[in-house]
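> This is a predicted model, with the sequence first.
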Amino acid sequence: MIARTIVDVPAAQTDRLFDYLIPAHLEQIIQPGMRIIVPFGPRQIQGFVIEVTATSDVPKLKSVQEVLDPVPVLTSELLQLGRWLAHTTICFQISAFQVMLPAALKTSVMKELHLLVAHRELEMPLQPLFQQNKKVLWKDAVDHLGSQLGLVRKALDAGQLVVHYVVKEKAKKKMEKWVKVNKEADLTSIKSSAHKQLEIIHFIEQKAEPIRSQEVLTATQSTRAVLKSLIEKKLVLEWDQETYRDPLQGVRYKPSPPLPFTDEQQQAFIPLKKAIVDKRSETFLLHGVTGSGKTEIYLQAIDEVMKQGKEAIMLVPEISLTPQIVSRFKSRFGEEVAVMHSGLSVGEKYDEWRRIHRSEVKVVVGARSAVFAPFSNLGLIIMDEEHETSYKQEDMPRYHTKEVAIKRSVHHQCPVILGSATPSLETFARAQKGVYTLLSLKHRVNNRPMPTVDIVDMREELRAGNRSMFSVSLMEALKRRLELGEQSVLFLNRRGYSTFVMCRDCGYVPQCEHCDISLTYHRSNHSLKCHYCGHEETMPVECPECTSEHIRFFGSGTQKVEEELTRVLPEARVIRMDVDTTRTKGSHQRLLDAFGNGDADILLGTQMIAKGLDFPNITLVGVLAADTMLHIPDFRSAERTFQVLEQVSGRAGRHQRPGEVLLQSYTPEHYSIELVKSHDYDTFYQMEMRQRKAAEYPPYRYMALVTISDPDLPNVIQKAQKISDYLKSTLGSETVILGPVVSPIARIKDRYRYQCMIKYKNEPRLTEALQQILQHYLRDTTQGKLQISLDMHPYFFM
Ligand SMILES: Nc1ncnc2c1ncn2[C@@H]1O[C@H](COP(=O)(O)OP(=O)(O)OP(=O)(O)O)[C@@H](O)[C@H]1O
Ligand SMILES: [Zn+2]
Ligand SMILES: [Zn+2]
């Protein structure tokens, strides 16, 4: 038998099937979707078995060396999906398969066979293996059994054995620091003026058992330095201790029963339930205003799916995958839920993936890549906040999660729910055309009012002599909340979270010498770093241009706002949430918990606080500069502005007390700001569609982006021109080729960058033409100089 294999070498020349002979003793083992080790040139490398066939056209075949998986890691559905992904996004097949699997599987992984029955119940040849041990390394089983390895398969099928994976590298166990008071030490040696040290000592003393150092710091609100001084004086003993990898360790969830639906929720739920019961692949757009109870619908739809004995995928954008959201799913479904997001370690992600693969859970709540969850009996895929751009992957394979979700739903004959208060124009247009089924929730739960929105014209404030970043009305509104004991959210509308450096005298901004982009300030080591290539330099003490000493970094802005707030509202307790304050693990949750517990009056932050928050006491949302995003040169900037303003407004007045929103703006008449006042998505949609139509942008046209880069500038210009000419001569006359033009970021890692944009309506030859281009320049790209990258669904035109 022959294993037709995709090998783990992401290159154009190896992007095809290679045939390997399956040795007799592996014939009953090897199946499509398994990882195998094969000889490749002088090396042994990993590959995925795609097909098993009887014959090969290749005369002399090498043999498969080893099988890495006793059961396929890619189901036949995922194998098909991978090939489809490679084709539609134009990427290497190996990249498509890798993106579906947890990173742990890309490294070497040890497999163990665990015995579930008495060893005498096994077939004779297996018995000696398990006589001494209840678990045996898969590799050892292969060595011992030789041609009888097929018996393992049988024992697995019979439930006598089960497979466990052990991540080899992850032998590195997770350690945590623990402390206790040193009984021998003389505690009276602490000076009575050292309040913090005394507080810590007393706190630890109270506990009968040792305690995690981190817990001590949190409970006493101390810095590590104070604890460290106690440890150095040997008053406190600290040691490392191994802990189990559980991302939600120690978190307990109160069970939450389903809520009786409101009429509107009920109306929306009926067709969803019908599609689930009828096992129909149908895509729904659940368009519901903020606080309309979409999440409750998701929960009950999933419940319905579980009743059918099926599984569900709940996708949430990374940024709103907050502990609050996770807890809503955990409270409803308990142990049936796996969670997947980028905050998990490689080991944790792998553990969660295995729980899905082994069907130990029925629901996965996760970010983008969870769309590939290896469920085999899918009953529903939900994509919350479907308009979020993070659903598009910006590396190979450049896929859009929505397309993958719909593709999987066709295979499984199950519905997809796209949910949003502010759907992307592409999605809403499809719902208008009837491609997706539109379900609307026009009111908040129990007819709670939408928050009232007022727009403050900051130009007038300036004219009236107010130079502060807070308008008079925002100031008053904040004060009123303080008096009433209600909470406020202050939102800084910023896309980047980064901090850059600028000379206040001459305006000089340090740039990366390899990339045309500003360097980012890193507080931890007081250095400047390039986010594209990693180049690092020390923070200058004087401006290299004008030698002024006034060269400073500008925080994400939130820091400045916080300083200003303490000046004008000293009595307000502020929690700031941005990259700086949420860098350590768990800090996100800690800050939100503190806010939820009423430990602060104002939550100040960027994008991070715009979504998903559901706190009853928030009655005011202030947006400091509503229009900053409007001026980004991107045809979607108005859409993004409306979306984020509507989302952040939605945090106010979600429960008993009504909400108020103040948007400070320098362009208050722009429709993307103006229409937030009336929460009027439909009018926004119509106005924006008119703009898109006039300029022939999506959703009226499709777009594709070709980026060409090379260290040699004349070369990149010449190649880009040729590519553009080729596209113009090959593609239809209605298709528009824009460019070549220099990319917005003109240079990255010393490579000059040019781009061509393709706008088309109906272009069946596009994929073929692009593949022709890749083929034509194969020799140049293989040498590593020229690079051509394709994005069939571009979101950022960098
Ligand atoms: N049928 C119901 N009865 C009572 N309360 C409900 C019901 N459905 C939802 N709620 C409550 O209403 C609030 C808003 O609901 P939910 O968070 O599900 O809205 P959403 O549409 O998902 O919001 P957003 O898109 O703004 O995040 C929540 O506190 C939720 O518990
Ligand atoms: Zn200067
Ligand atoms: Zn750089």
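Yes, it's here. Residues are numbered from 1 along each chain as shown. Ligands and ions are numbered 1, 2, ... in the order given.

> Near residue 15, how many other residues are there?
If you count neighbours by other Cβ atoms under 10 Å, residue 15 ends up with 16. The way it works is simple: take the backbone N, C-alpha and C, and place the C-beta from them, glycine included.

> and residue 406, that one's in a strand?
No. Residue 406 is assigned helix when assessed by DSSP: H, G, I helix; E, B strand; the rest coil, not a strand.

> Just list whatever residues bridge to residue 741.
Beta-bridge pairing of residue 741 under DSSP bridges involves residue 755.

> hang on, isn't it packed against residue 754?
Yes. At 6.8 Å, residue 741 counts as touching residue 754 under the criterion of Cβ atoms under 8 Å.

> who has more neighbours, the two?
residue 754 (24 against 12).

> roughly how far apart are the more buried one and residue 726?
14 Å (Cβ to Cβ, to the nearest Å).

> Please report how far residue 602 lies from residue 615.
From residue 602 over to residue 615 (counting by Cβ to Cβ), the distance is 12 Å.

> Report the helix or strand with the lowest average pLDDT across this structure.
strand 161-167 (a mean of 70; mean pLDDT, DSSP states H and E).

> All the strands of the stretch 601-750 of the chain, in order from the start?
Per DSSP state E, counting those that start in this stretch, the stretch 601-750 of the chain carries strands over the ranges 602-605, 618-623, 660-665, 702-710, 736-748.

> closest one to ligand 3 among those strands?
strand 736-748 (6.8 Å; Cβ to the ion).

> Of all residues in the stretch 51-200 of the chain, which one is closest to ligand 2?
For the stretch 51-200 of the chain, Cβ to the ion, closest residue to ligand 2: residue 196, 41.3 Å.

> List the residues that contact the residue nearest to that residue when sequence neighbours are not counted.
Leaving aside its chain neighbours, residue 196 sits nearest to residue 226 (4.7 Å; criterion: Cβ to Cβ, 6 or more residues apart in numbering). Counting by Cβ atoms under 8 Å, 6 or more residues apart in numbering, residue 226 makes contact with 196-197, 200.

> Going by neighbour count, which of these comes out on top?
For these, neighbours tallied by other Cβ under 10 Å; top is residue 200, 25 neighbours.

> ok, now how distant is it from residue 358?
Counting by Cβ to Cβ, the gap from residue 200 to residue 358 is 44 Å.

> Do you have the strands of the stretch 101-250 of the chain handy? List them.
In the stretch 101-250 of the chain, the strands defined using DSSP E, counting those that start in this stretch lie at 109-115, 135-137, 161-167, 175-181, 211-212, 236-242.

> Now tell me what touches the first one from outside.
Contact with strand 109-115 is made by 68-70, 122, 130, 133-139, 141, 152, 160-168, as judged by Cβ under 8 Å, 6+ apart.

> Buried ones among those residues?
68-70, 122, 130, 136, 138, 141, 152, 160-161, 163, 165, 167 (16 or more other Cβ atoms under 10 Å).

> Farthest-apart pair in the residues you listed, please.
Using Cβ to Cβ, the two most remote members of the buried ones among the contacts of strand 109-115 are 122 and 167, lying 26.9 Å apart.

> what bits of the stretch 301-450 of the chain have low per-residue confidence?
Counting by pLDDT under 70, the stretch 301-450 of the chain shows low-confidence ranges at 320.

> which stretches of it form strands?
311-315, 337-340, 363-366, 378-384, 416-420, 437-441.

> Please identify the pairing partners of the fourth one and their relative orientation?
Okay, so that is strand 378-384. strand 311-315 (parallel), strand 416-420 (parallel).

> okay, the angle between the last one and strand 437-441?
Same thing as strand 416-420. Counting by axes from the mean of the first three to the mean of the last three Cα atoms, to 10 degrees, strand 416-420 points 40 degrees away from the direction of strand 437-441.

> Need the residues that contact strand 416-420.
Contacts of strand 416-420 (Cβ under 8 Å, 6+ apart): 272, 281-288, 294, 298, 301, 380-387, 402, 405-406, 409, 427, 436.

> Restrict those to those that also contact ligand 1, please.
288, 294 (Cβ under 6 Å from any ligand atom).

> Tell me which of the contacts of strand 416-420 fall in helices.
Assigned to helices by DSSP state H, the following of the contacts of strand 416-420 qualify: 272, 294, 298, 301, 402, 405-406, 409, 427.

> what about the residue lying closest to residue 675 once chain neighbours are set aside, neighbour count?
Sequence neighbours aside, residue 684 is the residue nearest to residue 675 in space, at 4.6 Å (criterion: Cβ to Cβ, 6+ apart). Applying other Cβ under 10 Å, we find 25 residues neighbouring residue 684.

> before we move on, what about residue 120?
Quick note: residue 120 (other Cβ under 10 Å) scores 9 neighbours.

> On the pLDDT front, check it for me.
For residue 120, the model assigns a pLDDT of 87.

> Next: residue 241.
75.

> Distance from stretch 62-79 to the middle of the chain?
From the chain centre to the centre of stretch 62-79 is a distance of 28 Å (Cα atoms, centre = their mean, to the nearest Å).

> Okay, and the beta partners of the closest residue to residue 412 other than its chain neighbours?
Spatially, and ignoring its direct neighbours in sequence, residue 412 is nearest to residue 378 (4.1 Å; Cβ to Cβ, 6+ apart). Beta bridges link residue 378 to residue 311, judged by DSSP bridges.

> Can you give me the neighbour number for residue 378?
Counted with other Cβ under 10 Å, the neighbours of residue 378 add up to 19.

> In contact with it: list those residues for me.
Neighbours of residue 378 in contact, by Cβ under 8 Å, 6+ apart: 310-313, 408-409, 412, 414.
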